[in-house]
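K.L.:
3D, please:
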Amino acid sequence: MNFSVGLVLLGILIVLMVFGVFNRLFERMRIGTVWAIVASVVLGAGFIIPSIRINQAFSFNIGGFIIAALLAIYFFLTLGSGNRMVRASAAMLFTAGITILMYMFFPQTATWLRVLFSVGLGILAGGVSSLIVGTGTARGALYSCIAGILAGQAINFAIQTGRQVNPVLDLGGGSCFDAIIISIIMTALIAEIIRMASASRMRGTSRTSFSHEAGEYHNDNFRRTVDGFYTKNTAYTQTEDEYYYRNALPRSDFLSQMDDQTKPPQ
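P.N.:
Numbering: from 1, shown residues only. Modelled structure (predicted):
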């Protein structure tokens, strides 16, 4: 097995997950950290196993194709709404098209071309998928990255076969595996950047003031109900201990962003 950029990056990603770097992302995706680590280890171990050869022209990698395809199917089936599935499918088709174009402009004839192919495709796939799917779910972006790259690789093989070029396809192996791992990391980074930007914006818009002399609590983001509690579109419960964005943020996340001035008056 040749040196794999994706395998090295996957190892780094596993170490970061062990130290809880992506815990909040997994919480929003409703995926356990342990589950994510196990899936990553299985993905890497499957790639190390030699590809299964069907004939002289076709083989497939256990990690890069079988395990990756199962993950893509899981992500797609757990998207929930039909609208998310439509956006994820559209992103997958765009990613497949990008993969085909990358094969055209970066033929796998030299090591440096394979590296450029993997890095370029991974970054483009992660960015385009996140852009099309939107900020609603990272699962859709992960599905479109994995499925789109695999579909693009298979379609490119069919195109080359139709031209009687006699290509050799290692589905999910080599540069394709590297691109999948880079696209997954790209998707995770984009989701984390969006989360940090949203949290920063919330802190900036949650500034409040309380006048003890007038006994008034001022905050443009909240309104005071007739029973004296501060609420925003019924997203808060009616006790001070449960004063947090129930439908927007976990309680610990919201309370960590609130200072003494932003809490309701005693």
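
K.L.:
can we go C-alpha only for contacts and neighbour counts from here?
P.N.:
OK.

K.L.:
can you mark which positions in the lengthiest helix in the chain are buried?
P.N.:
Longest helix in the chain by number of residues, with DSSP state H as the criterion: helix 175-205. Judged by neighbour count (16 or more other C-alpha atoms under 10 Å), helix 175-205 contains these buried residues: 175-192, 199.

K.L.:
centre of the chain versus that helix, how much separation?
P.N.:
Mean C-alpha position of helix 175-205 versus that of the full chain (C-alpha atoms, centre = their mean, to the nearest Å) differs by 7 Å.

K.L.:
all helices for the protein, in order.
P.N.:
Taking DSSP H as the criterion, the chain carries its helices at 5-18, 23-28, 33-48, 68-77, 82-105, 111-133, 138-162, 175-205, 251-257.

K.L.:
okay if I get those helices as CSV plus mean pLDDT and distance to Ser59?
P.N.:
Formatted as CSV, these follow (pLDDT from 0 to 100; distance: least, C-alpha to C-alpha, whole Å):
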stretch, mean pLDDT, distance to Ser59
helix 5-18, 90, 19
helix 23-28, 75, 33
helix 33-48, 91, 13
helix 68-77, 93, 15
helix 82-105, 92, 18
helix 111-133, 91, 19
helix 138-162, 91, 11
helix 175-205, 82, 13
helix 251-257, 48, 47
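
K.L.:
most tightly packed of those helices?
P.N.:
Compared across those, helix 138-162 shows the largest average neighbour count, a mean of 24 (mean count of other C-alpha atoms under 10 Å).

K.L.:
now do it and helix 82-105, the angle between them.
P.N.:
Helix 138-162 and helix 82-105 are oriented at 40 degrees to each other (axes from the mean of the first three to the mean of the last three C-alpha atoms, to 10 degrees).

K.L.:
same for helix 138-162, what does it pack against?
P.N.:
Here helix 138-162 is seen to pack against helix 68-77, helix 82-105, helix 111-133, strand 169-171, helix 175-205 when contacts are counted using 3 or more C-alpha pairs under 8 Å, 6 or more residues apart in numbering; DSSP states H and E.

K.L.:
other SSEs contacting the shortest one?
P.N.:
Just to be clear, that refers to strand 169-171. Checking 3+ C-alpha pairs under 8 Å, 6+ apart, strand 169-171 ends up next to strand 58-60, helix 138-162.

K.L.:
just checking: what are the partner strands of the first one?
P.N.:
To tie it back to what came earlier, the one meant is strand 58-60. Applying DSSP bridges, strand 58-60 is found paired with strand 52-53 (antiparallel), strand 169-171 (parallel).

K.L.:
hmm, who's touching that strand?
P.N.:
51-53, 168-173 (C-alpha atoms under 8 Å, 6 or more residues apart in numbering).

K.L.:
reformat those as a markdown table; add distance to Trp35.
P.N.:
A markdown table is the format used below for those (distance: C-alpha to C-alpha, whole Å):
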| residue | distance to Trp35 |
| --- | --- |
| Ser51 | 25 |
| Ile52 | 26 |
| Arg53 | 30 |
| Val168 | 34 |
| Leu169 | 31 |
| Asp170 | 28 |
| Leu171 | 25 |
| Gly172 | 22 |
| Gly173 | 23 |
